[in-house]
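Peer 1: With the sequence up front, the predicted model follows.
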Amino acid sequence: MGCDEKREPAGGKLLVGDISALTRDHCRMRYPAKVERIINEFVMGGPERMQVVSDFDYTITKQRTEDGGAVPSSFGIFNACKSLPENFKEETDKLYHKYRPIEIDPHMPIAEKVQYMIEWWTKSGELTSGFPFDQSEIDQIASKYKHALRDRTHEFFGDLQRLGIPTLVFSAGLGNSVVSVLRQANVMHPNVKVVSNFLQFKDGLLDGFQQPMIHTFNKNETVLDGNDYYDLVHTRDHIIVMGDSIGDADMASGVPASSHILKIGFLFDHVEANMEKYMDTFDIVLVDDQTMDVPRTLLALIEKQHQLNLQAGKQSSL
Ligand SMILES: C[n+]1cn([C@@H]2O[C@H](COP(=O)(O)OP(=O)(O)O)[C@@H](O)[C@H]2O)c2nc(N)[nH]c(=O)c21
Ligand SMILES: [Mg+2]
């Protein structure tokens with residue numbers, strides 16, 4: 001805690017009880033006072049100290065659509081492509097049934113799981129090898145799902161661009177699908193970076209995934225170490241993390257310990273059974289909220305104060 005704590009936004013300290021998006025029934029917080037403190041830090045620090053880190057599948061895409069239609073994951077979009085070899089789906093399904101239970105096993109230590117995840121992504125990469133493939137196939141399937149993003153996603157990415165806030169979309173899925181959906185939804189602005197597994201080609205044929213491999217348990221800022229994006233964000237110590245899985249809450253691990261991190265979790269499946277764990281893990285838990293309204297509210301508060309500061313700066317220089 002620095003001397004920032006004694007400073008307050010121009011209109012006085014913000015209270016969570018006065019922020020209507022945070023007082024709605026489906027918005028839960030275990031420690032509202034902590035959320036309030038972080039929001040005030042964010043507002044005082046301004047956009048130049050902010051960064052956003054978001055999961056893709058079922059965080060940027062919806063967990064539930066109006067027409068009840070299922071939204072495929074990024075791997076699911078690839079699996080729906082027509083030119084995959086006959087046995088591809090069968091073989092990757094076998095891997096899924098073997099490794100998925102390990103990924104979500106509540107009893108196995110993470111260190112042990114990591115080896116299995118490396119095995120899974122490696123074998124999946126091997127199956128994704130040795131046949132011709134065109135990105136346009138992914139684009140065609142992805143175009144059907146560009147409307148399956150959370151309501152006001154377009155506005156949210158617009159806010160982030162206007163405020164110049166670096167936004168990392170982190171996915172242990174397939175980057176080619178992630179970028180295709182984001183591009184076709186017109187939100188792939190220059191401030192947006194996708195870190196994920198991208199297809200690799202050799203001699204005109206698929207050759208697995210590019211390095212570094214991003215799997216469930218290294219999906220955090222430590223894998224960025226040393227790359228350009230790390231240089232861009234490592235001084236931005238005010239971080240909004242958004243995800244739908246418990247593991248997503250760790251996406252900002254690797255940033256300096258002094259950072260202020262606000263974790264937003266979207267909870268949809270088995271709400272009762274999962275609530276306790278989500279409340280332990282995320283600062284704000286949004287239950288069946290298929291919008292970007294809460295993160296947008298935070299950005300609006302930051303922008304309002306920023307504009308007041310700019311105006312005050314102009315007046316004092318007159
Ligand atoms: C290697 N591999 C991993 N997965 C799953 O893809 C998920 C991608 O991880 P994520 O990016 O954290 O996405 P999420 O938002 O869906 O959690 C992992 O959690 C795995 O369960 C996979 N799913 C499919 N269909 N095929 C694969 O080859 C495959
Ligand atoms: Mg997800």
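Peer 2: That came through, no problem. Ligands and ions are numbered 1, 2, ... in the order given.
Peer 1: how about the residue of the stretch 201-318 of the chain found nearest ligand 2, phi and psi?
Peer 2: Nearest residue of the stretch 201-318 of the chain to ligand 2 (CB to the ion) works out as D244 at 4.3 Å. For every residue, glycine as well, the C-beta is placed using N, CA and C. Here is the backbone geometry of D244 (degrees, to the nearest 10): phi -110, psi -10.
Peer 1: what sits against it?
Peer 2: D244 makes contact with D55, D57, Y58, T59, Q63, G265, F266, L267, F268, according to CB atoms under 8 Å, 6 or more residues apart in numbering.
Peer 1: So which of those are in strands?
Peer 2: Within the contacts of D244, residues falling in strands by DSSP state E are D55, G265, F266, L267.
Peer 1: Name the nearest of those relative to ligand 1.
Peer 2: Lowest distance from ligand 1 to the ones in strands among the contacts of D244 (CB to the nearest ligand atom) belongs to D55, with 4.9 Å.
Peer 1: Beta-bridge partners for that closest one, please?
Peer 2: Beta-bridge partners recorded for D55 (DSSP bridges): F170.
Peer 1: so it makes contact with M251?
Peer 2: Yes. Applying CB atoms under 8 Å, one finds D55 in contact with M251, separated by 7.0 Å.
Peer 1: what is in contact with these two at once?
Peer 2: In contact with both D55 and M251: F170, K219, G243, using CB under 8 Å, 6+ apart.
Peer 1: Going by neighbour count, which of those residues comes out on top?
Peer 2: F170 (27 neighbours; other CB atoms under 10 Å).
Peer 1: Distance of that one relative to T65?
Peer 2: Noted for F170: a distance of 23 Å to T65, by CB to CB, to the nearest Å.
Peer 1: just checking, what packs against the helix or strand encompassing Y96?
Peer 2: Y96 belongs to helix 88-103 when elements are defined using DSSP states H and E. Packing partners of helix 88-103 (3 or more CB pairs under 8 Å, 6 or more residues apart in numbering; DSSP states H and E): helix 74-79, helix 110-127.
Peer 1: Contacts for the shortest one next, please.
Peer 2: By that I understand helix 74-79. So helix 74-79 is contacted by 56-57, 72, 84, 88-89, 92, 128, 138, 141-142, 145, 171, 173-178, 180-181, 196 (CB under 8 Å, 6+ apart).
Peer 1: How about that helix and ligand 1, any contact?
Peer 2: Yes. Residues of helix 74-79 are located near ligand 1 by CB under 6 Å from any ligand atom, namely F75, G76, N79.
Peer 1: How far does that helix sit from its chain's centre?
Peer 2: 18 Å (CA atoms, centre = their mean, to the nearest Å).
Peer 1: And for stretch 125-135?
Peer 2: 26 Å.
Peer 1: how about the residues of the stretch 51-200 of the chain that lie near ligand 2?
Peer 2: Applying CB under 5 Å from the ion, we find that the stretch 51-200 of the chain lies next to ligand 2 at D55, D57, Y58, T59.
Peer 1: residues making contact with the helix or strand harbouring L262?
Peer 2: Following DSSP H and E, one finds L262 within strand 260-267. By CB under 8 Å, 6+ apart, the surrounding residues in contact with strand 260-267 are 35, 38-39, 41-42, 45, 58-59, 63, 237-244, 246, 248-249, 252, 255, 274-275, 278, 281-289, 294-295, 298.
Peer 1: Filter the contacts of D244 down to the buried ones, PyMOL style.
Peer 2: In PyMOL, a selection of the buried entries from the contacts of D244 looks like this (16 or more other CB atoms under 10 Å):
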select buried, resi 55+57+58+59+63+265+266+267+268
